[in-house]
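Here is a sequence with its predicted model. Questions after.
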Amino acid sequence: MEIDRTGLAAFLRHRRELLQPEDVGLPRGQRRRTSGLRREEVAALCHMSTDYYARLERERGPQPSEQMIASIAQGLHLSLTERDHLFRLAGHRPPDRGAAGEHISPGLLRIFDRLDDTPAEIVSELGETLRQTPLGIALTGDTTRYTGPARSIGYRWFTDPTYRELYAPADHSQLSRMFASGLRETATLRGPDSRAAHYAGLLLTRSEEFRSLWDKHEVGIRPQHVKRFVHPEVGMMELNCQSLLDPDQSHRLLVYTAPPGTESYDKLGLLAAIGTQTFH
């Protein structure tokens, strides 16, 4: 496929002009003359330089890579159909759709973008963190930084003992059962060639605890509504976890809150002040 520079530039300009700052969690500010978002705002959302993005809108520059197009599609809050169209304009075959995809739906992103004052994250069905709010990073560290199988929280749970320090010791046994159960359900659902099945095979060779739990064939072990985190600075926090599912992509938005007036509520406020400095 060849790149359609004129079509690509026109599509990007049109999508940018349709988006408003509040659509992507940005303040509107004063003296805004631009119709829609500014180029520099879109570039920041897409994690690229303003110059690079501007050249695409001006029909210039090299052909963008698939990774760049995926980033632009996410930054512009495109639907799956719009994402696929963007890939074709850029001369690439669109990625496969379904549970293995990492493109977050615009509706889920619109909710996520309004949660700056709350610990929240968007995760895949394998527990891979796709997005975190700043307070979410302050709570658990930046879990988007992992690569390979370690992107999955279940895989980290059985292969990285230090990761368990974030959770109350009394909950470790139940969490182990939940992660093993969840991986078995997903591997069965997606089939023997899926990433879930691959991760299970890796864990069977690397974790005696996982092998023991896998042999029990447990399914249906669900997370507790209250999760107990152990933060290195503020200590134990009991947080309610609300979950919103996007069935098309099997992504979940997880939001962590504490009832006002509780010790955990006060600690969340302290955590907001501390920020991510502990994990740096």
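Sure, I can see it.

Low-confidence ranges, the stretch 1-150 of the chain, go.
29-30, 32-34, 98-100 (pLDDT under 70).

can we see that at 80?
Applying pLDDT under 80 to the stretch 1-150 of the chain flags residues 1, 25, 27-35, 96-101.

ranges for the strands of it?
All strands of the stretch 1-150 of the chain, identified by DSSP state E, counting those that start in this stretch, fall at 120-123, 129-132.

I'd like to know which of those strands is closest to Ala54.
strand 129-132 (25.2 Å; Cβ to Cβ). Where C-beta positions appear, they are placed from N, C-alpha and C, glycine not excepted.

what helices or strands is that closest one leaning on?
strand 120-123 (3 or more Cβ pairs under 8 Å, 6 or more residues apart in numbering; DSSP states H and E).

got the residue ranges for the helices in the stretch 51-200 of the chain?
66-75, 80-89, 106-112, 134-140, 153-159, 172-190, 195-206 (DSSP state H, counting those that start in this stretch).

CA atoms only: put the fourth one into PDB for me.
Same thing as helix 134-140. In PDB, the C-alpha atoms belonging to helix 134-140 read as follows (Å, rounded to 0.1, in the frame of the first residue of the first chain):
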ATOM      1  CA  PRO A 134      -0.900  10.700  37.600                       C
ATOM      2  CA  LEU A 135      -2.400   9.600  41.000                       C
ATOM      3  CA  GLY A 136      -2.500   6.100  39.700                       C
ATOM      4  CA  ILE A 137       1.300   6.300  39.000                       C
ATOM      5  CA  ALA A 138       1.800   7.700  42.500                       C
ATOM      6  CA  LEU A 139      -0.100   4.800  44.000                       C
ATOM      7  CA  THR A 140       1.600   1.800  42.200                       C
END
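
follow-up on the earlier one: from the strands of the stretch 1-150 of the chain, which stretch is densest packed?
Scoring these by mean neighbour count under mean count of other Cβ atoms under 10 Å gives strand 120-123 as the most buried, with a mean of 24.

Output the contacting helices and strands for that one.
Strand 120-123 packs on helix 106-112, strand 129-132, helix 134-140, strand 251-257, going by 3+ Cβ pairs under 8 Å, 6+ apart.

Give the partner strands of it in its sheet and their orientations.
strand 129-132 (antiparallel), strand 251-257 (antiparallel) (DSSP bridges).

In JSON lines, list those along with distance to Ala150.
Listed next are these as JSON lines, based on distance: least, Cβ to Cβ, whole Å:
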{"stretch": "strand 129-132", "distance to Ala150": "11"}
{"stretch": "strand 251-257", "distance to Ala150": "19"}
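
residues contacting the most centrally placed residue in the chain?
With distances taken as Cα atoms, centre = their mean, the residue of the chain nearest its centroid is Leu130 (1.7 Å). Counting by Cβ atoms under 8 Å, 6 or more residues apart in numbering, Leu130 touches Glu102, Ile104, Glu121, Ile122, Val123, Ser124, Thr144, His251.

how about a cut-off of 10 Å?
74, 102-104, 108, 112, 121-124, 143-144, 151, 249, 251-253 (Cβ atoms under 10 Å, 6 or more residues apart in numbering).

Which of the residues you listed are buried? Put it as a ChimeraX command.
In ChimeraX syntax, the buried subset of those is picked out as below (16 or more other Cβ atoms under 10 Å):
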select :74,103,104,108,112,121,122,123,124,143,151,249,251,252,253
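
need the contact list for Asp248.
Asp248 neighbours (Cβ under 10 Å, 6+ apart): Ser79, Leu80, Arg97, Gly98, Ala99, Gly101, His103, Ser105, Gly107, Leu108.
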